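Engineer: sequence unavailable; structure follows:
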C-alpha cells in the first residue's frame, strides 16, 4: 500500500468516526448561480472537489469555460443551465431542471452580484434598481423558491455572496454597499424563520478578490496600493479559492450549528 493510499484510507476512517466534524459533501447536490467565472466558478469547483454534484447557473450555457468537463473529470455530475437571475421565471425553470436531474437540492449558493460606480448624488433610478434587483431581489426570491424545496425535505444549506461593502462604506459604491448590507441582514431573517425546518442560511463577505470583475479597478496603481494598505492584516488581494473554502465549510455538516451569520473574508480590513 502506498503512502498516499494509506493517508486516504486513514482520512476516510477518521471522517467516519462519530463526533468529528465532517466537511465531506458526498451525496449532496448544489446549485451555484453565476458559476461561469470568478467566485462562482471557484465555489462550483470546490463543492465538486468535496463530493457534491453541481448545477451551474450560467448566463450563456455554451460559454462555461470548460467548467462542466472539469467537474465531470472529478467524477461528479455537472449540469449547465441557462440562468439569468434578473429573469426570475427562467431562474425558477433552472432550479426545477436541477431538481429533476439530481432528484433534490441540498445546497444553494447565491453568487451573482454586481453594481455600478459613481458619486451618490449622480446615481440614476435605473442604476439603483439594477443593483438592488441583481443583489437583493434575486437573492431573496431564489432563496425563497429553493427554500420551499428544502423545507419540504427538512434539510438544506444556503450560502449568500455578500461583501465587506455590506459592513463598511466604500466611496463611489453607495448603492452596492447598501445592497450587500441588505443581503447580510436578509440572511439573518431567513435563518431565524427556517431554522425550525433544518435549513441553514449564511453569508460570506469577501474583500477585493482577483477576478474579472475587480481587474479594472485593481489595475489602477493608486487604488491597488490603497486596497493593499486597507487590508490591514494580510496586505494582499485575495484569491477566489480563499472564498470558496468558506462556502464549502458553511454548506457542510461541520457548520451544522452555524446559521444567520456573515463571515467576513477580508484579510483584516474591518478589524482595523
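Structural biologist: Structure's in. What do you need? Since we're looking at a predicted model, the values are computed, not measured. Numbering: from 1, shown residues only.
Engineer: and the gap between residue 226 and residue 36?
Structural biologist: The gap separating residue 226 from residue 36 is 29 Å, by Cβ to Cβ, to the nearest Å. All C-beta atoms are positioned from the backbone trio N, CA, C, and that covers glycine.
Engineer: go on, residue 52?
Structural biologist: Counting by Cβ to Cβ, the separation of residue 52 from residue 36 is 18 Å.
Engineer: residue 260 now?
Structural biologist: Note on residue 260: its distance to residue 36, by Cβ to Cβ, is 29 Å.
Engineer: out of the two, which sits in the busier spot?
Structural biologist: Shown here are residue 260 and residue 36; by other Cβ atoms under 10 Å, residue 36 has more neighbours (22 against 18).
Engineer: quick one: residue 80 is in a strand?
Structural biologist: Yes: per DSSP: H, G, I helix; E, B strand; the rest coil, residue 80 lies within a strand segment.
Engineer: who does it form a beta bridge with?
Structural biologist: residue 56 (DSSP bridges).
Engineer: residue 58 is in contact with that one, correct?
Structural biologist: Yes: between residue 80 and residue 58 there is a contact under Cβ atoms under 8 Å: 5.8 Å.
Engineer: touching both of the two, which residues are there?
Structural biologist: Both residue 80 and residue 58 are in contact with residue 64, where contact means Cβ atoms under 8 Å, 6 or more residues apart in numbering.
Engineer: these two: which has the busier surroundings?
Structural biologist: residue 58 (25 against 21).
Engineer: now do that one against residue 37, distance only.
Structural biologist: According to Cβ to Cβ, residue 58 stands 10 Å off from residue 37.
Engineer: for stretch 265-272, buried residues please.
Structural biologist: 265-267, 269 (16 or more other Cβ atoms under 10 Å).
Engineer: how about low-confidence regions in the protein?
Structural biologist: The chain contains residues with pLDDT under 70 at 1-16.
Engineer: for it, which segments count as helices?
Structural biologist: Taking DSSP state H to define them, one finds helices in the chain at 3-16, 38-49, 67-73, 88-102, 125-132, 138-153, 174-194, 212-218, 221-230, 241-251.
Engineer: run the angle between the fourth one and helix 138-153 for me.
Structural biologist: Put simply, helix 88-102 runs at 40 degrees to helix 138-153, going by axes from the mean of the first three to the mean of the last three Cα atoms, to 10 degrees.
Engineer: tell me the helices and strands packed up against helix 88-102.
Structural biologist: strand 29-32, strand 53-58, strand 78-82, helix 138-153 (3 or more Cβ pairs under 8 Å, 6 or more residues apart in numbering; DSSP states H and E).
Engineer: the longest one - contacts with which helices or strands?
Structural biologist: If I follow you right, that is helix 138-153. helix 88-102, strand 107-110, strand 156-161, helix 174-194, strand 199-206.
Engineer: and the end-to-end length of stretch 261-272?
Structural biologist: End-to-end distance for stretch 261-272: 20 Å, by Cα to Cα, to the nearest Å.
Engineer: got the contact list for that stretch?
Structural biologist: 162, 164, 166-168, 184, 187, 191, 202-207, 230-236, 238, 242-243, 246, 250.
Engineer: out of everything not next to it in sequence, what's closest to residue 174?
Structural biologist: Nearest residue to residue 174, sequence neighbours excluded (Cβ to Cβ, 6 or more residues apart in numbering): residue 120, at 4.3 Å.
Engineer: correct me, but the one you found touches residue 173?
Structural biologist: No: taking Cβ under 8 Å as the definition, residue 120 is not a contact partner of residue 173, at 9.6 Å.
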